[in-house]
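Chemist: Just the structure for this:
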Amino acid sequence: MLRQRKYILSQLRIELTILLGDKYIFLFCIFAQLYHSIATNVVYLMESKFLSSAQRLPLWDLSYHYLPELHGWLWSVSDILIYCMIASAAVLALLTIPLRPKPSLSHTSPPFATLVLKRFLVTVSVLQR
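Modeler: Numbering: from 1, shown residues only. Got it, this is the predicted structure:
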């Protein structure tokens, strides 16, 4: 059920307060994502310029060590699933602002999108280290 305008504005004020309180965590996570992306691209560029394909060592990642290797169309499907999971986490977190919980759940505090997004960004940042 949709919230009324005054409750949405109240929720946005609370979200903004939480966001400003945790701004350094958000900035760190965003900077970490940017740094990871730039560093990875620089390494790939340097390897392609200075090393032959026989000299390049494959990058070792714990998660890739345990997951099966994907080939062909499964590679594309896995990329699509990852992007859908990231987008759905963001969309579902942001939907907590205009939507209110069921009346049976009214005794609990409403979910805050900022806290959900913070947890998501911290998890992604830690997984890429």
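Chemist: Which of the helices or strands spans Arg119?
Modeler: Assigned by DSSP states H and E, Arg119 belongs to helix 113-127.
Chemist: List of residues touching that helix?
Modeler: Residues outside helix 113-127 that contact it (Cβ atoms under 8 Å, 6 or more residues apart in numbering): 15, 18-19, 22, 25-26, 28-30, 32-33, 63, 86, 89-90, 92-94, 96-97. In this view, the C-beta of every residue, glycine as well, is placed from N, C-alpha and C.
Chemist: now those: which count as buried?
Modeler: Neighbour counting over these (16 or more other Cβ atoms under 10 Å) leaves 15, 18-19, 22, 26, 29, 32, 89, 93, 96-97 as the buried ones.
Chemist: can you redo those as JSON lines with secondary structure and distance to Val124?
Modeler: Converted to JSON lines, those look like this (DSSP: H, G, I helix; E, B strand; the rest coil; distance: Cβ to Cβ, whole Å):
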{"residue": "Glu15", "secondary structure": "helix", "distance to Val124": "20"}
{"residue": "Ile18", "secondary structure": "helix", "distance to Val124": "19"}
{"residue": "Leu19", "secondary structure": "helix", "distance to Val124": "18"}
{"residue": "Asp22", "secondary structure": "coil", "distance to Val124": "16"}
{"residue": "Phe26", "secondary structure": "helix", "distance to Val124": "12"}
{"residue": "Cys29", "secondary structure": "helix", "distance to Val124": "7"}
{"residue": "Ala32", "secondary structure": "helix", "distance to Val124": "9"}
{"residue": "Ala89", "secondary structure": "helix", "distance to Val124": "9"}
{"residue": "Ala93", "secondary structure": "helix", "distance to Val124": "13"}
{"residue": "Thr96", "secondary structure": "coil", "distance to Val124": "19"}
{"residue": "Ile97", "secondary structure": "coil", "distance to Val124": "21"}
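Chemist: Can you add distance to Leu57 and give those back as TSV?
Modeler: Below are those laid out as TSV (distance: Cβ to Cβ, whole Å):
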residue	distance to Leu57
Glu15	45
Ile18	43
Leu19	41
Asp22	38
Phe26	35
Cys29	29
Ala32	24
Ala89	33
Ala93	38
Thr96	44
Ile97	46
